[in-house]
Structures are given as C-alpha cells and as structure tokens.
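Peer 1: what's the 3D shape of this:
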Amino acid sequence: MIELQRNTKETQISVRLDRDGTGISNIDTGVGFFDHMLESFSKHSQIDLDVVCKGDTHIDDHHSVEDVGIVIGQALSKAMYPIEMVERFGSAVIVMDEASVRCDMDLSNRPFLLFDVPLEGKVGTFDVELAEEFFRAVVFNAGITAHIVMERGKNKHHIIEAAFKSMAVALRRALTRNEKSAVPSTKGVL
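Peer 2: Numbering: from 1, shown residues only. Presented below is the predicted three-dimensional model:
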C-alpha cells in the first residue's frame, strides 16, 4: 500500500494505492465525471485506489485533474519500480457502444505519451481536454510509455471512458506476474 499527499495553493490531495488490490475505490475529487473515470480505472486495473482532492474548482477543474494525475503517477511509480517479474508490456482495446479506444503500454521507466483522441467540448461540466492532462501527468510521474488512440467514436463520454478503461486494462496486463523474467529487459535494469 502506497500513501502520498500533495499540498499546493491550488490543491490538497491524498492518495492510497494498492497495486495488488481487487479494484476497490473511494474517490472524491469534487469533479463528478472525473470521479466516475477514476472508479472505472480502479475497477478495470484491479488497483485499489482512494483519492481525496480539495481543489480550486471555483476557478475550473484543471488543477484538480492534473494534480491528481501527478500523485497517482507518483504512487504507481513507487508501487512498480524496480520492475521485476512482470510482463512489462500491456495492450487493450476497449469498446463502449460506438466508441473504441486502444492503449499500448510499456513500463519502461521512460515517460512518453502519445494521445490521439481528437475531442473538443465538455461532458457535463468536464472539459474533455483535461483527459489528456490527466494521462500525461500519470505517465510522466509513473515512468510509463503509453499510446492512447481513439479508433472510432462519437459520444464524448463513451470515448473518454474507453480511454480510461483501456489504460487500466493495459496496465493490469503489463503488471501481470511473470516468474521467468526477473527484470524484463535485455539491459538488466529499467
């Protein structure tokens, strides 16, 4: 179990993360749609996740979403590295009605995000551009290479939820135990 806090003038965040959980979550960020996405992420990654964020949502949701991504990424990093006896690579395509989003992932300890999900506007009060900010914060703080690509879709809710779920399933698969590979790298270290 990893527990982290981050306190700034814009947000106060606490995160508890159990990489070997069952997908139980308790999420309260003050951003309803984002809470729903984090619950889906927890459920489908099978990572237990508790998140509390008090943010300056009277301005907008940007700081809360990005900063939660930072802390979740930092917690994932502490939970994963040094990488040992896991598959390391994971991939998932998630379909939600008309939407299909793919995530390919490498637990490389070399952060990179390719985010090809062309969306504009809002889902309720949630600015859809914040999804990319969250994913970038997670992968850069966790040391993950991730490519998240929308294959098709029209409904913004379905597309964003499929992105969160595809990352969750890809992460779960990358973290699958592989007892035959002490360090899954020809370099001997990640």
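
Peer 1: could you check the distance from Val95 over to Arg152?
Peer 2: As judged by C-beta to C-beta, to the nearest Å, Val95 and Arg152 stand 9 Å apart. (Glycine included, C-beta is placed from N, CA and C.)

Peer 1: Same drill for those two, tell me which one is more crowded.
Peer 2: Applying other C-beta atoms under 10 Å to Val95 and Arg152 shows that Val95 carries more neighbours, namely 15 against 10.

Peer 1: for that one, what are its contacts?
Peer 2: Ala162 (C-beta atoms under 8 Å, 6 or more residues apart in numbering).

Peer 1: is it fair to say it lies in a helix?
Peer 2: No. Looking at Val95 with DSSP: H, G, I helix; E, B strand; the rest coil, it is strand, so not inside a helix.

Peer 1: how about stretch 20-30: buried residues?
Peer 2: Gly21, Gly23, Ser25, Ile27, Thr29, Gly30 (16 or more other C-beta atoms under 10 Å).

Peer 1: and the residues you listed, which two are the farthest apart?
Peer 2: Gly21 and Gly30 (23.6 Å; C-beta to C-beta).

Peer 1: so the residue nearest to Met37 when sequence neighbours are not counted, which of the three states?
Peer 2: Spatial nearest neighbour of Met37, excluding adjacent residues (C-beta to C-beta, 6 or more residues apart in numbering): Phe164 at 4.5 Å. At Phe164 the chain is in helix, as set by three-state DSSP.

Peer 1: So what touches stretch 120-130?
Peer 2: So stretch 120-130 is contacted by 31-34, 60-62, 65-66, 119, 156-157, 160 (C-beta under 8 Å, 6+ apart).

Peer 1: Neighbour count and secondary structure added to these, as a markdown table?
Peer 2: Putting these into a markdown table (neighbours: other C-beta atoms under 10 Å; DSSP: H, G, I helix; E, B strand; the rest coil) gives the following:
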| residue | neighbour count | secondary structure |
| --- | --- | --- |
| Val31 | 24 | coil |
| Gly32 | 13 | helix |
| Phe33 | 22 | helix |
| Phe34 | 25 | helix |
| Asp60 | 14 | coil |
| Asp61 | 21 | coil |
| His62 | 17 | helix |
| Val65 | 28 | helix |
| Glu66 | 19 | helix |
| Leu119 | 17 | coil |
| Lys156 | 19 | helix |
| His157 | 18 | helix |
| Ile160 | 29 | helix |
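
Peer 1: ok, these vs Arg136, which is closest?
Peer 2: When the contacts of stretch 120-130 are ranked by distance to Arg136 (C-beta to C-beta), Glu66 comes first, at 8.1 Å.

Peer 1: name the element Gly30 belongs to?
Peer 2: Counting by DSSP states H and E, there is no helix or strand that carries Gly30.
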